[in-house]
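**Student:** dropping the sequence and predicted coords here.
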Amino acid sequence: MPIVGATNETLIIPSTRLSDAGVYSIAVSNPYGNETSQGATITVLPPSPPVIGAITLLSDKTLRFTVNGTPGIPYRVWASTNLALQPITEKWTLIQNGVFTSDSVEVIDPAASTLPRRFYIITTP
């Protein structure tokens, strides 16, 4: 099946899904003829789950930690004093969101200094 607009030497499929995996071939043509390559199998891997890295309690009792994830994947960092509250997106407090890059994301939670305990969860779509 032709991919509309795929006329450059590089093909980028934004928002790749697992269902995009398969065998791809290239068909090129010009005034002198046309040619189709042999098929190449493309595997799409699911994004890696986010990983919490360095955790530091600052002198003012503010908590700082880093999170790493698959570049280009949106993330949300949620916090709660009650690990059992469900659903997270309605009962927990959203403290940061963004899109992962190749660098670590720094998360700072100043509210942690006033609480006896704090739980964190990182969600991705």
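**Tutor:** The structure has been received and is ready for your questions.
**Student:** strands of this structure, start to end?
**Tutor:** Using DSSP state E, the strands of the chain run over residues 22-24, 27-30, 33-36, 40-42, 51-57, 63-68, 74-80, 93-99, 105-109, 119-123.
**Student:** weakest of those by average pLDDT?
**Tutor:** Ranked by mean pLDDT, the strands of the chain end with strand 27-30 in last place, scoring a mean of 85.
**Student:** distance-wise, check the closest residue to Ala21 other than its chain neighbours relative to Gln96.
**Tutor:** Here the nearest residue to Ala21 in space, its sequence neighbours aside, is Val44; by CB to CB, 6 or more residues apart in numbering that works out to 4.4 Å. (Each C-beta comes from the backbone N, C-alpha and C, glycine too.) From Val44 across to Gln96, the span is 28 Å (CB to CB, to the nearest Å).
**Student:** ok, now Pro87?
**Tutor:** Taken as CB to CB, the spacing of Pro87 relative to Gln96 amounts to 19 Å.
**Student:** more neighbours, the two?
**Tutor:** Of the pair Pro87 and Gln96, Gln96 is the one with more neighbours under other CB atoms under 10 Å, namely 16 against 7.
**Student:** tell me how many other residues surround the closest residue to that one other than its chain neighbours.
**Tutor:** Nearest non-adjacent residue to Gln96, counting by CB to CB, 6+ apart: Val77, 4.4 Å away. Other residues near Val77 number 22, with proximity taken as other CB under 10 Å.
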